[in-house]
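[1] predicted coordinates and the sequence they were generated for:
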Amino acid sequence: MDLQSLYQEIILDHYRAPHHAGLREPYEAEVHHVNPTCGDEVTLRVHVADGVVEDVSYAAEGCSISQASTSVLTDLVIGKKVDDAMEIHDSFMELMQSRGKVEPDEDVLEDGIAFAGVAKFPARIKCALLGWMAWKDATAKAVSESEVRHDS
Amino acid sequence: MTMQSTAPSGLLDTDRIRGDFPILARRLDGDRPLVYLDSANTSQKPRQVIDAMTAHYEQANSNVGRAVHQLGDAATQAYEVARVKIAAFINAPDSSEVIFTKNSTEALNLVANTLCWAQGQYSVGAGDEVVISEMEHHSNIVPWQLLTERTGASLRWFGLTDEGRLDMSHIDELINERTKVVSLVWVSNMLGTVNPLETIIRRAHEVGALVVVDASQAVPQLPVDVAALGADLIAFTGHKMVGPTGIGVLWGRTEILDALPPFLGGGSMIETVTMQGSTWAPLPAKFEAGTPPIVEAIGLAAAVDYLSAIGMDRVAQHEHAITAYALDRLREVDGLTILGPTEAVDRGGAVSFEIDGVHPHDVSQVLDSLGVAVRAGHHCAKPAHARFGVQSSTRASFYLYTTPLEIDALVEGIEQTKRFFKVRS
């Protein structure tokens, strides 16, 4: 059991000083996601304007993996077009479901490549995905919200 | 591993007992010995239980209660002998009061659902009250929420003191003439608290309320005498008492079980069926629809034989001694907070704790890398965690095979966890 491959220094750094933490205005959608098996939770807001993820803010309680993963997520998607951010999401999902067999692309996932080791610990994959699932859910809501507003 | 304190007295001969549990000899990654401190989650199984189940599958496997052939007789006989043994183990006045279920959860749901449908004396409706506590496992919360939502009754609960005991100060107001059911845990799976059931049962019976006891952690650890206890219904599960998964027990007084309507309908639970309607078999079959967990019942009987041969008073003594030792050792750890009673008084063998600056998931991950198996999370007791202002905790739990050296390994692992996450102590 290789603890160092799970707890990469990058992960511990994000855990100790998470990026973009806190809940901020403005936002179009807010979601609350929990990991029912362990109780970890995140409240996450997304601000989307002109098809760009302008901000992702959050309040989370959970383990180092879930906290660090949410922090890395914000670094990766803030400022990106929604479509591009969704592609990054898909790459991260693919990495997490790979059981450690996919070589992550650092150009796409940046600090997110540190989670390659997590994919070998099935019990912890849900931790790493908590923030990402919340972001995808909130972004879909924010986008449909803005479409409704455009239509009316 | 070095022994940090003198060995506590009252321990069982764990060398001999551990020899009965094949899994305790296995090695984990890195050739580490298994330090299994998750018995409140599920206990390990001795060879005697495993062998009894294998022997049944190899020599007597058949369905019960219907086949005329020799195997059918053997299986039926073994299944009913299991019921008699389990009845004797809890001193039930009549073995037909022992209903086999899937687990404690199903036993508690059986009671809550049949009370929802009951007419007459046991019916629950608007204006009635059901009393539980803040330290219940979700399996003794959710069924009562469903019952009270469906019937219009109110759900009330005992709060907890800062020490993790039931707040008994308002008992006479809480349990009153409107109370129809009091359903309480005997030994908390999270806080370890042993609750003062006698006082509560006396008060509940004064006002004519039924008393249901979740004995999931109690039957494995304590000598249980349902006749002396005075509760009306109790639920427990096989897999926490060195038995297999897939089998639990509901014990109830005959007059109550007779008065409640059936839970699941199907084969085995009927007296006769016509297209116009059906009538029910007598106890216990009335509550055992479908093919029951036959080999699991046989395994549970072997578990009961195993525990009885050691003696439940000796098991309880061991549990007390090892828990006292663990509490002593854990209290010495800087930055560690025990949730629940910190002294081994009226306390079972589960100790939940927090480590400053390290999430329980991360604690258990590092411990696992050292071969120490504990549980991290909310232990299906979210309200009890919320009461203490925490979202989750790490829990170490002990059983008849747990040794002081394993507690020392836990404490050493916690220190290593703190170093790994660079928590200053």
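    Perfect, I can see it now. Quick caveat, the model's predicted, so the values are computed rather than measured.
[2] could you use CA atoms for every contact and neighbour count after this?
    Noted.
[3] could you find the closest non-adjacent residue to B:Trp251?
    B:Val98 (4.8 Å; CA to CA, 6 or more residues apart in numbering or on different chains).
[4] next one, pLDDT for the one you found please.
    Listed pLDDT for B:Val98 reads 98.
[5] which residues does it contact?
    B:Val98 sits next to B:Arg83, B:Ile86, B:Ala87, B:Ala92, B:Val249, B:Leu250, B:Trp251, B:Gly252, B:Pro284 when contact means CA atoms under 8 Å, 6 or more residues apart in numbering or on different chains.
[6] quick check, nearest of these to chain A?
    Taking CA to the nearest CA as the measure, chain A sits nearest to B:Val249 out of those, at 25.4 Å.
[7] look at the closest one and say how many residues are nearby.
    When neighbours are counted by other CA atoms under 10 Å in any protein chain shown, B:Val249 registers 28.
[8] for B:Val411, see how far away it is.
    Separation of B:Val249 from B:Val411 (CA to CA, to the nearest Å) stands at 36 Å.
[9] report the longest helix in chain A, please.
    Secondary structure of chain A read by DSSP state H shows that its longest helix is helix A:122-151.
[10] chain center to it, what's the gap?
    Chain-centre distance of helix A:122-151: 9 Å, with CA atoms, centre = their mean, to the nearest Å.
[11] taking the mean pLDDT, what do you get for that helix?
    When pLDDT is averaged along helix A:122-151, the result is 89.
[12] same check on stretch B:67-77?
    Stretch B:67-77 carries an average pLDDT of 92.
[13] what residue in the stretch 1-150 of chain B comes nearest to chain A?
    In the stretch 1-150 of chain B, the residue that lies nearest chain A is B:Asp29 (5.9 Å; CA to the nearest CA).
[14] residues near that residue, how many?
    B:Asp29, neighbours per other CA under 10 Å, totals 13.
[15] again with A:Glu106
    By the criterion of other CA under 10 Å, A:Glu106 has 11 neighbours.
[16] go on, A:Ala128?
    By other CA under 10 Å, the residues close to A:Ala128 number 23.
[17] quick check: the gap between it and B:Leu146.
    For A:Ala128, the distance to B:Leu146 equals 33 Å [CA to CA].
[18] next up, the contacts around the residue in chain A that chain B sits nearest to.
    Proximity of chain A to chain B (CA to the nearest CA) peaks at A:Cys38, 4.3 Å away. By CA under 8 Å, 6+ apart, the residues touching A:Cys38 are B:Ala376, B:Gly377, B:His378, B:Ser392.
[19] what's the pLDDT at the last one?
    The confidence metric pLDDT takes the value 93 at B:Ser392.
[20] so it touches B:His378, yeah?
    Yes - the pair B:Ser392 / B:His378 is scored as a contact, 4.6 Å apart, by CA atoms under 8 Å.
[21] shared neighbours of those two, anything?
    Common contacts of B:Ser392 and B:His378 (CA under 8 Å, 6+ apart): A:Cys38, A:Gly39, B:His385.
[22] got a list of what the second one touches?
    Think A:Gly39. A:Gly39 is in contact with A:Gly62, B:Gly377, B:His378, B:Gln391, B:Ser392, counting by CA under 8 Å, 6+ apart.
[23] low pLDDT regions in chain A?
    For chain A, the stretches with pLDDT under 70 are A:1, A:149-152.
[24] would you map the helices across it?
    If DSSP H is used as the criterion, the helices of chain A fall at A:3-6, A:9-16, A:64-77, A:82-96, A:106-109, A:122-151.
[25] turn those helices into JSON lines, including distance to chain B.
    Below are the helices of chain A laid out as JSON lines (distance: least, CA to the nearest CA, whole Å):
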{"stretch": "helix A:3-6", "distance to chain B": "7"}
{"stretch": "helix A:9-16", "distance to chain B": "8"}
{"stretch": "helix A:64-77", "distance to chain B": "7"}
{"stretch": "helix A:82-96", "distance to chain B": "18"}
{"stretch": "helix A:106-109", "distance to chain B": "24"}
{"stretch": "helix A:122-151", "distance to chain B": "9"}
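[26] get me the contact residues on the stretch 1-150 of chain B for chain A.
    Residues of the stretch 1-150 of chain B lying close to chain A (CA under 8 Å from any CA of the partner chain) are B:Asp29, B:Gly30.
[27] tell me which stretches of the stretch 1-150 of chain B form strands.
    Taking DSSP state E, counting those that start in this stretch, the strands of the stretch 1-150 of chain B run over residues B:27-28, B:32-33, B:35-36, B:98-101, B:129-133.
[28] now these as a markdown table including distance to B:Leu370?
    What follows is these, written out as a markdown table (distance: least, CA to CA, whole Å):
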| stretch | distance to B:Leu370 |
| --- | --- |
| strand B:27-28 | 9 |
| strand B:32-33 | 7 |
| strand B:35-36 | 9 |
| strand B:98-101 | 37 |
| strand B:129-133 | 36 |
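[29] so for B:Pro223, which of those strands sits nearest?
    Smallest distance to B:Pro223 across the strands of the stretch 1-150 of chain B (CA to CA): 17.1 Å, for strand B:98-101.
[30] send me that closest one as PDB with only the CA atoms.
    C-alpha atoms of strand B:98-101 as PDB (Å, rounded to 0.1, in the frame of the first residue of the first chain):
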ATOM      1  CA  VAL B  98     -37.600 -15.800  17.900                       C
ATOM      2  CA  ILE B  99     -38.200 -14.500  14.300                       C
ATOM      3  CA  PHE B 100     -35.400 -14.800  11.800                       C
ATOM      4  CA  THR B 101     -34.900 -11.700   9.700                       C
END
